[in-house]
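Participant: just a sequence and a predicted model for now, questions to come.
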Amino acid sequence: MNTFKNADGKPVLLNMVKAVQDNKAYLGEVDGLIGDGDHGMNMNKGFSVFEQRFTDKDFSFTEGLDELGMILLNEIGGSMGPIYGTIFMDMAEAGEELEDISVADFGNMLAAGLAGLQGIVEAKVGDKTLVDTLSPAVDAVKAAHEAGEDYKEALVKMSAAAEAGRDSTKDMVARFGRSSRLGERSRGVLDAGAASCCIILKAMAEGILKMI
């Protein structure tokens with residue numbers, strides 16, 4: 001299959017929740033190396049609130065993204081709440097009218113999330129942020145669509161691009177956020193936002209692959 005039903009997307013959101021919960025400690029450790037160490041705790045809080053409120057309700061993929069985004073935007077601390085809230089809500093808006101979500105549609109939704117993020121932060125690829133994960137993931141899905149590849153190929157390539165993007169932040173100097181104060185001392189450590197973005201994108205891919 002080269003599409004999935006928007007209405008059937010609930011398991012994708014719950015897979016994202018589980019991935020964040022399972023990696024709470026890891027994200028805290030990564031963040032603690034050059035940040036304040038609360039990234040895993042804050043992300044876990046927001047995703048768990050979503051789970052508590054919606055696990056027994058029916059919702060589509062885009063409805064779930066929108067509800068999760070609002071919770072992250074309004075109810076978790078740190079800089080990542082507004083960042084992920086914006087990404088998910090803009091993804092949802094780009095796909096809310098869709099009954100079936102194709103590879104092209106999914107790529108457009110991811111691109112809308114990236115555009116929304118870049119509307120509130122000036123970070124670009126190379127600045128040691130989650131943009132280093134999300135931007136190549138968007139490019140991978142779009143390239144897969146243009147090459148006529150199916151969902152499985154597109155999602156495998158998206159996950160690989162997200163991992164490579166995450167790993168690339170290790171050799172960068174942070175230019176945004178708390179860690180930017182460290183200058184050269186921020187080199188040699190992964191960016192926590194890039195790490196969490198990779199986890200979320202891979203969980204999203206795994207969830208979609210189970211449906212198609």
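Facilitator: Okay, I see it.
Participant: what is the helix or strand bottoming out on mean pLDDT in the chain packed up against?
Facilitator: Ranking every helix and strand in the chain by mean pLDDT, DSSP states H and E puts helix 24-34 at the bottom, with a mean of 90. Contact here means 3 or more Cβ pairs under 8 Å, 6 or more residues apart in numbering; DSSP states H and E; on that basis helix 24-34 packs against helix 39-54, helix 192-209. (C-beta placed from N, C-alpha, C; glycine too.)
Participant: which helix or strand contains Phe4?
Facilitator: strand 3-5 (DSSP states H and E).
Participant: run the chain-centre distance for that strand.
Facilitator: Computed by Cα atoms, centre = their mean, to the nearest Å, the chain-centroid distance of strand 3-5 equals 20 Å.
Participant: buried ones in that strand, by neighbour count?
Facilitator: Neighbour counts using 16 or more other Cβ atoms under 10 Å place Thr3, Phe4 of strand 3-5 among the buried residues.
Participant: one more: stretch 192-202?
Facilitator: Neighbour counts over stretch 192-202 (16+ other Cβ under 10 Å) mark Ala192, Gly193, Ala194, Ala195, Ser196, Cys197, Cys198, Ile199, Ile200, Leu201, Lys202 as buried.
Participant: cool, stretch 139-154 as well?
Facilitator: By 16+ other Cβ under 10 Å, the buried positions in stretch 139-154 come out as Asp139, Ala140, Val141, Lys142, Ala143, Ala144, His145, Glu149, Tyr151, Lys152, Ala154.
Participant: chain center to that stretch: distance?
Facilitator: For stretch 139-154, the distance to the chain centre is 18 Å (Cα atoms, centre = their mean).
Participant: for that stretch, measure first residue to last.
Facilitator: Using Cα to Cα, to the nearest Å, the end-to-end distance of stretch 139-154 comes to 10 Å.
Participant: what mean pLDDT does it get?
Facilitator: Here stretch 139-154 scores 97 as its mean pLDDT.
Participant: where does the residue lying closest to Ala160 once chain neighbours are set aside fall, secondary structure wise?
Facilitator: With sequence-adjacent residues excluded and distances taken as Cβ to Cβ, 6 or more residues apart in numbering, Ala160 is closest to Ala140, at 7.3 Å. Ala140 is part of helix 131-146, with elements assigned from DSSP H and E.
Participant: what sits up against that helix?
Facilitator: Outside helix 131-146, the residues that touch it by Cβ atoms under 8 Å, 6 or more residues apart in numbering are 87, 102-104, 106-107, 110-111, 113-114, 117-118, 121, 123-126, 153-155, 157-162, 164-166, 168-169, 172, 191, 193-195, 197-198, 201.
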